[in-house]
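In: take this sequence and fold it.
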Amino acid sequence: MSRTLRWQVLLILCGMALAGILLTYLALTYVVVQVPAVGGTYVEGVAGTPHYINPLLSAYNEADQDLCALVFSGLTRFNSRGEVEPDLARSWDVSIDGLIYVFHLRGNARWHDGTPVTADDVLFTVGLLQDPDYPGPADVGAVWRALRAEKVDTYTVRFILAEPYAPFLDFTTVGLLPSHLLTGTRAADLPELEFNLQPVGSGPFEVQEVDITDGEVSSVLLARNASYYGSPPLLDYLRFRFYSSSAAAFRAYEAGEVEGVSQITLESLPRARQAADLELYSAQMAQTAVVFLNLGRPEELPFFQQVEVRQALLYGLDRQGLVERQLDGQGVVAHSPIVAGTWAYDDQVPQYGYDPARAAALLDGAGWPLLAGMSTRLQGTRTLSFTLLASADALQTAVAQEVARQWGELGVRATVVVTSPVALRQALEGRNYQALLITLALPGDPDPYPFWHQTQIAAGQNYAGWDHRRASEVLEAARVIVDPQRRRGLYQEFQTIFAQEVPAILLYHPVYTYGVDRRVYGVQIGPLMRPADRLATVNRWHVAWRRTIISQSEAGTH
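Out: Okay, here's the model as predicted:
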C-alpha cells in the first residue's frame, strides 16, 4: 500500500471516529421533542345567538362578548385579578390630581385590513360613546360624556376628567372601532350597521365567515390574525356554533359537532364528568349571590335594624353545605362584598362560619327568644318572619328554599315567594321587598360605591338602604384616590365595617365550568371577570405539533 493511500485510509478512519464522537455527543446532549405548531381549527358550542359583533353594542349579550373579545381590542384590558393592563395602549400616565390620563398607543397595531390603529380611532370611538343617543349601558355613556378627549399626536391621546374618578380605567377596556371605515356614523345608527356582522377589528382573530340559518346567526368562523401586535394565535381557525341552550351545546359535543362547550351548567355536569375525552376547567366568577335585607322599612321590619339579628342570620347559614348540595360544589363561600381573588380583596376580613348556637344566642340577646312549643321567635306579639323573594330560575328557587329552611331551624320564618326575573328586578329597583335573593355581577374595578353609599339609597343601587356614614366616607375617598395602595387600604377598612354590620347576607361566588376536548392543548383559565375571559389565553391553544431538536437542558424546562 502506498504512503498516499495509507494517509487517505487514516483520514477516513479519523473522520469516522470524529463523526461517531459528534453523534454520541449530540445523542447525549440533544433530544427531538414535539412543540406547539401553527395550524388546525377549534370548534366551540355556545349558548345564545350573536347579534352585534361590535364592542359598543355587546354589553347585553354574552355571545356578542365572546366574539368581540377576540376580534377587537381596547386601550386596556382586565387581567384575572381585575387589574387594568396595557393592550392597544403600551402605557399611560395619570396626573397627580387624577384628572388627566395620557395614553400612548403601540406603533405596530393594525386593523385587520392593514390600516394602522391611531389616535383618530380612539377619538372616533369615544365620540360615539359620548353621543347622547349611544344605545349601550347608560353608566358607560355618562362616564365618557363627563370628560374631554384630545389628540396629542398620531399615537397619543389625552382624557381630561371633570373630577377625579379612580374607576375610570375600567372604561378604557372597551373595544375600539375603525374610524377609516365608519366615519360619519352616529351612535343611533350603530345597531343598523352591516359592520356588525362584517366587522374589522384589531384583535388576534378576524371574522371570515358568518352563517345565518332561519334569520339567525348559527355559526361564525374566525381566522388567525398573523399580524396581531401581541403573540399571534397558534390556531388557524376558531369556529363558534350557536345553540339554544348550554344543554343543547353539550349535546352537540356528545354528537361530535363541537370540541368544546362554552359553559357546562349544573344539569349537564354529571354527564360531562363522565365524558372520557372532555377536560373540565373551573374558575370563580366576578359575581356574588346575596340576600338583600330591606333596611329602609324600620316600622315594618324592625328586626333588620338590629345588627345582632343580621349577624345571627349569617351565622345561622351553612353556606358551604348549600354550595355542595344545591350547586354541586360549583361555588365559593363569599365573605366580602369585594370579590375574592381581586386586587382589593382583604383575605383577613372577619368571616362568619356556620354556628347555629351563636346565632341562637344573638337572637336571644336581641330580644327574639324561641319560646317552648313555638316554631317562630317572638318579641311580644310580633314574630321574626318575612318574605324572601327569588327568581323563578330553578337554581335561584332552590337556593332560596334552602336558605329559608336553614333559617327555619333557628326559629326565623322566611317565606319564599317566586317571581319572574323581570318582576324581581322591578321589586329590587322599587325597594318593594322584605328580603330578596339575587346574583350581582361585579366585574372590573371593585368600587362598591353604587351599592352601599348613602346617596344611592333613594334612586341608586343601594337596594338594601344601608345608611352608614363612615362606610360612605371610605367609599367616597376610594373613588378619588388613584394610588392603588391607598385605595386598597380604604377598601380593607370598608370590608371590615361591612363584616361587622352585615347589611346584607353574602352567600357565594358562582363557579364557571368550561369544557374542552383533551385533543386541544394549552387551555388555561383563571378567575373570570365575565364569561368571555375564558378565551383570554386562546392565543396559546393549539391542536398541531411539530418536531424540533433542543438541548437536554432545555428539555428539562419543558
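In: could you give the number of residues near F124?
Out: F124 has 19 neighbours, counted by other CB atoms under 10 Å. Heads up, the C-betas are built off the backbone N, CA and C, glycines and all.
In: mind telling me what element it is part of?
Out: Secondary structure from DSSP states H and E places F124 in helix 119-130.
In: which residues does that helix contact?
Out: 56, 75, 103, 105, 134, 136, 140-141, 144-145, 149, 151-157, 174, 176-180, 182-183, 185-187, 190 (CB atoms under 8 Å, 6 or more residues apart in numbering).
In: doesn't L507 make contact with L327?
Out: No. L327 is not in contact with L507 according to CB atoms under 8 Å; the separation is 9.9 Å.
In: list the residues that contact both of these two?
Out: In contact with both L327 and L507: V399, using CB under 8 Å, 6+ apart.
In: with neighbour numbers in mind, choose between the two.
Out: L507 (24 against 20).
In: surely A390 is in contact with S420?
Out: No. Counting by CB under 8 Å, A390 stays clear of S420, with 10.9 Å between them.
In: just for this protein, where's the confidence low?
Out: 1-34, 545, 547-558 (pLDDT under 70).
In: could you break it into its assigned domains?
Out: 36-72+203-277+518-558, 74-196, 287-510 (automatic domain parsing).
In: the strands in the stretch 1-150 of the chain, which residues?
Out: All strands of the stretch 1-150 of the chain, identified by DSSP state E, counting those that start in this stretch, fall at 30-37, 41-47, 76-78, 84-86, 89-94, 100-105, 147-153.
In: for the stretch 401-550 of the chain, same thing?
Out: Going by DSSP E, counting those that start in this stretch, the stretch 401-550 of the chain shows strands at 413-419, 435-441, 504-517, 544-551.
In: can I get the first one in CSV, CA atoms only?
Out: This means strand 413-419. Output of strand 413-419 as CSV, limited to C-alpha atoms (Å, rounded to 0.1, in the frame of the first residue of the first chain):
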residue,chain,number,x,y,z
ARG,A,413,-89.6,32.2,59.4
ALA,A,414,-88.7,33.2,55.8
THR,A,415,-91.5,32.5,53.3
VAL,A,416,-90.1,32.1,49.8
VAL,A,417,-92.0,33.9,47.1
VAL,A,418,-91.1,33.1,43.5
THR,A,419,-91.5,35.6,40.7
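In: how long is stretch 364-373 end to end?
Out: 16 Å (CA to CA, to the nearest Å).
In: stretch 497-509: how far from the chain's middle?
Out: 21 Å (CA atoms, centre = their mean, to the nearest Å).
In: cool, and stretch 515-534?
Out: 12 Å.
In: CA atoms of that stretch as PDB?
Out: Backbone C-alpha positions of stretch 515-534 (Å, rounded to 0.1, in the frame of the first residue of the first chain) are rendered in PDB as follows:
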ATOM      1  CA  GLY A 515     -65.400  22.000  28.800                       C
ATOM      2  CA  VAL A 516     -62.700  21.400  26.100                       C
ATOM      3  CA  ASP A 517     -61.800  18.200  24.400                       C
ATOM      4  CA  ARG A 518     -58.400  16.700  25.500                       C
ATOM      5  CA  ARG A 519     -57.100  16.900  22.000                       C
ATOM      6  CA  VAL A 520     -56.900  20.700  22.400                       C
ATOM      7  CA  TYR A 521     -53.800  21.700  24.200                       C
ATOM      8  CA  GLY A 522     -52.600  24.700  26.200                       C
ATOM      9  CA  VAL A 523     -56.100  25.600  27.600                       C
ATOM     10  CA  GLN A 524     -55.900  27.500  30.900                       C
ATOM     11  CA  ILE A 525     -58.500  29.800  32.700                       C
ATOM     12  CA  GLY A 526     -58.200  31.900  35.800                       C
ATOM     13  CA  PRO A 527     -60.800  33.900  37.800                       C
ATOM     14  CA  LEU A 528     -63.300  35.300  35.300                       C
ATOM     15  CA  MET A 529     -64.400  38.900  35.200                       C
ATOM     16  CA  ARG A 530     -67.000  37.800  32.600                       C
ATOM     17  CA  PRO A 531     -67.600  34.500  30.700                       C
ATOM     18  CA  ALA A 532     -65.700  35.800  27.600                       C
ATOM     19  CA  ASP A 533     -62.500  35.800  29.800                       C
ATOM     20  CA  ARG A 534     -62.300  32.000  29.400                       C
END
